[in-house]
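# can you look at this prediction? I've put the sequence above it.
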Amino acid sequence: MSNLTAHAGASSVESADLAARNLQERLMSSGHDRPEGDRCPICFDLIELPMGHHSKTNVCCMKSICDGCILAALRRGMNDRCPFCRTTRPRGDASRLAMIQKRVHKKDVEALSFLGLKHYFGDLGLAKDVSRSIELWTEAAELGSVDAHRQIGHLYYYGRVVDEDKPRGVQHWQQAAMKGHALSRRKLGDVEYDNANYQIALQHYISQIWIRKVTQFHQGNVQRRSRDQSAVCRGVTGIPRRRGRDEESPERGSKETALLDF
Ligand SMILES: [Zn+2]
Ligand SMILES: [Zn+2]
């Protein structure tokens, strides 16, 4: 090997090390707050985790609305429209799908990710189509969707319905974690733990606990601030979960929850 070739090889190893160190620094210095999209658009509170158990997503505006605000709207007699955008609830799968597709055409990242999930499970009368799901999630991820990053990460890391590609899966979890996604952060901790990088694993776990604690602290303040809000929170369990309307929150323990919440 010539000196020139040896030098080129050494410098490419150095630049790979540098890139890895930079990525690690960015990972540890960012994503300590949850994404703004995790706030209810009505009360601006962060929705409790896992969000699918404490909110519903309305397909008219693709906004996730917290259970407290849904209950408050029901008590005001607003049963037939979205409490955020006031759109009349769609009836039937076809009209729900039409609403989602309308937003997909406008490149709404939440709608892209949501429709990906519908194709994945073959809901709303759609044929099950994993390739289309990945296509939609990839587009949503490129447009900045945290949810799409974690879904793709999950598919590739565990090799579900696609060929296993752990580095690719980890890359997507890293993108989601840097935007404040707590569960992706925890998965990165698990990956480092399995590779015996205990110090880095610990940092990821601490970051994930911090994100969850901040959420709980924030919600504790909201509940103390308003007696009405506490009453709403106590009554939340009384909200009927009517899957098949325009809200599409997965039931606890369902196949969708398994994918969404790992
Ligand atoms: Zn709310
Ligand atoms: Zn709406």
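Received the coordinates, thanks. Keep in mind it's a predicted model, so treat the numbers as computed, not measured. Ligands and ions are numbered 1, 2, ... in the order given.
# quick one: neighbours of the nearest residue to I152 once chain neighbours are set aside, just the number.
Leaving out its chain neighbours, the residue that sits closest to I152 by Cβ to Cβ, 6 or more residues apart in numbering is H172, at 4.7 Å. Bear in mind the C-beta positions are built from the backbone N, C-alpha and C, glycine included. The number of residues packed near H172 is 24, by other Cβ atoms under 10 Å.
# SS state for the closest residue to G116 other than its chain neighbours?
If the residues on either side of it in the chain are set aside, G116 comes closest to L136, at 3.7 Å by Cβ to Cβ, 6+ apart. When states are read from DSSP: H, G, I helix; E, B strand; the rest coil, the local structure at L136 comes out as helix.
# cool, T57 as well?
Secondary structure of T57, reduced to three states by three-state DSSP: strand.
# which residues does the spatially closest residue to it that is not a sequence neighbour contact?
Taking Cβ to Cβ, 6+ apart as the measure, T57 lies nearest to S64, with 4.8 Å between them; neighbours along the chain are not counted. Contacts were defined as Cβ atoms under 8 Å, 6 or more residues apart in numbering; by that measure S64 touches 37-38, 40, 47, 51, 55-57.
# in ChimeraX, how would I select the buried members of those?
The buried subset of these, as determined by 16 or more other Cβ atoms under 10 Å, is captured in ChimeraX by this line:
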select :37,38,40,47,51,55,56,57
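# of the contacts of S64, which are in range of ligand 1?
Contacts with ligand 1 within these, as defined by Cβ under 5 Å from the ion: C40.
# got the contact list for A98?
P90.
# can you tell me how far it is from ligand 2?
From A98 across to ligand 2, the span is 14 Å (Cβ to the ion, to the nearest Å).
# in a helix, that residue, correct?
Yes - with three-state DSSP as the criterion, A98 is located in a helix.
# quick one: the residue nearest to I152 and H149 touch, right?
Yes - using Cβ atoms under 8 Å, H172 is in contact with H149, at 4.6 Å.
# find the residues that touch each one of the two.
By the contact definition Cβ under 8 Å, 6+ apart, H172 and H149 are jointly contacted by 141, 184.
# thinking again about what came up before, quick one, what contacts the residue nearest to G116?
104, 112-113, 115-116, 119, 148.
# most neighbours among these, which one?
Counting by other Cβ under 10 Å, top hit in these: A148 with 29 neighbours.
# shouldn't it be in contact with A111?
No - applying Cβ under 8 Å, one finds A148 not in contact with A111, separated by 11.1 Å.
# low-scoring stretches of the stretch 151-262 of the chain, by residue?
Scanning the stretch 151-262 of the chain for pLDDT under 70 picks out the ranges 214-262.
# the helices in the stretch 51-200 of the chain, which residues?
In chain order, the stretch 51-200 of the chain shows helices spanning 51-54, 67-75, 92-105, 109-121, 130-142, 146-158, 166-178, 182-194, 198-225, with DSSP state H, counting those that start in this stretch as the criterion.
# which one of those lies nearest to S12?
The closest approach between S12 and any of the helices of the stretch 51-200 of the chain, judged by Cβ to Cβ, belongs to helix 166-178 at 17.9 Å.
# list the buried ones in the closest one?
For helix 166-178, a neighbour-count test (16+ other Cβ under 10 Å) marks 169-178 as buried.
# now swap in stretch 198-209 and tell me
Under 16+ other Cβ under 10 Å, the buried positions of stretch 198-209 are 200-201, 203-205, 207-208.
# over to stretch 89-99?
89-90, 96-97, 99.
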